[in-house]
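Enquirer: Structure for this input, please:
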Amino acid sequence: MSSVSQARSKSRRKRLPLTYVVAVVPVAAALNIVGGYINTILRLPTFLDMIGTMVAAVILGPWWGALVGAITNIVSSFLTGPISLPFAVVNVAGGLVWGYANMWGWMRKAWSFFLVNVLVAFVSSIFATPIYVFIFGGATGHFADVMTAAFLAMGQNLIVSVFSSNILVSLADKIISGYVGLAIIEALPENLTGDARLPKSEGLNKIIMPLVGVLIGVAIILVFLAIG
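Expert: Numbering: from 1, shown residues only. Just a heads-up that it's a prediction; the model follows:
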């Protein structure tokens, strides 16, 4: 990115009023918490606790997204138990990847936007795997534990089994989160989307692109369920 582009990027972020930033952070964290709670209640093979992280990271900046991620897991640990607390690092990492990818212009095209969500899934799994293995012994009661057990039965070691099951879940989850986040940002007034540098779409494409992305995530879930 050129120095001129960086200067313009910084100026756009500065135009966001502080009151708006302060309002977005707790709302985004609440969106994560509600999504995670619904996911837990319905026992879905996803997490749904990073949609708000994506939105905040893109419209406010990577470190605001990271803050939303940290708040999400800290608050969730009081509401649903301490299991979510160590995974705050995963939510923070996701916010940083989405945020910096947006700053660097990696999400301007439809194909690159998709790949960034895949990248977030891989980064999330890299951070989550040692937490699962060394803190929780490889299982936390999530639906993915079934797949972990299946990989163990195939003769894989615990680390490989946990990573394999987690990446399947994360791919579906982060793709869905990214495209739902895209739909939310598209619905906001342009003057309130900060430095969002997302795929340009008009008319029905504003609905079609997020819908296709979510359907891809759902398809991965169905594959996951079929394997499990």
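
Enquirer: can you list the residues that contact stretch 133-142?
Expert: I83, P86, Y132, D145, T148, L158, I159, S161, V162, V169 (Cβ atoms under 8 Å, 6 or more residues apart in numbering). Heads up, the C-betas are built off the backbone N, CA and C, glycines and all.

Enquirer: ok, the fourth one to R43 distance?
Expert: To tie it back to what came earlier, the one meant is D145. Between D145 and R43 the computed distance is 11 Å (Cβ to Cβ, to the nearest Å).

Enquirer: for the fifth one, same thing?
Expert: From T148 over to R43 the distance is 16 Å, taken as Cβ to Cβ.

Enquirer: The two - which one has more neighbours?
Expert: More crowded of T148 and R43, by other Cβ atoms under 10 Å: T148, with 24 against 9.

Enquirer: What sits closest to that one if chain neighbours are left out?
Expert: Distances taken as Cβ to Cβ, 6 or more residues apart in numbering place S165 nearest to T148, at 4.4 Å, with adjacent residues excluded.

Enquirer: so where do the strands sit in the protein?
Expert: Under the criterion DSSP state E, the chain carries no strands.

Enquirer: Report the distance from the longest helix along it to the chain centre.
Expert: Secondary structure of the chain per DSSP state H: the longest helix is helix 158-187. On the basis of Cα atoms, centre = their mean, to the nearest Å, helix 158-187 sits 6 Å off its chain's mean C-alpha point.

Enquirer: average pLDDT across it?
Expert: Helix 158-187 comes out with an average pLDDT of 95.

Enquirer: Numbering from 5 from now on, please.
Expert: Got it, the first residue is 5 from now on, which makes the last one we talked about helix 162-191.

Enquirer: Can you point out the buried residues in it?
Expert: 162, 165-190 (16 or more other Cβ atoms under 10 Å).

Enquirer: Could you list the residues in contact with stretch 184-201?
Expert: So stretch 184-201 is contacted by 13, 16-17, 19-20, 24, 55-56, 58-59, 62-65, 106-107, 109, 111-112, 117, 202-203, 205, 210-211, 213-214, 217-218 (Cβ under 8 Å, 6+ apart).

Enquirer: Please report how far the residue most central in space within the chain lies from G198.
Expert: Nearest to the geometric centre of the chain sits M54, at 4.0 Å (Cα atoms, centre = their mean). Distance of M54 to G198, computed by Cβ to Cβ: 18 Å.

Enquirer: Quick one: residues contacting the closest residue to A105 other than its chain neighbours.
Expert: Distances taken as Cβ to Cβ, 6+ apart put V120 closest to A105, at 4.5 Å, once the chain neighbours are dropped. Neighbouring residues of V120 by Cβ under 8 Å, 6+ apart: V101, W102, A105, W110, M111, G182.
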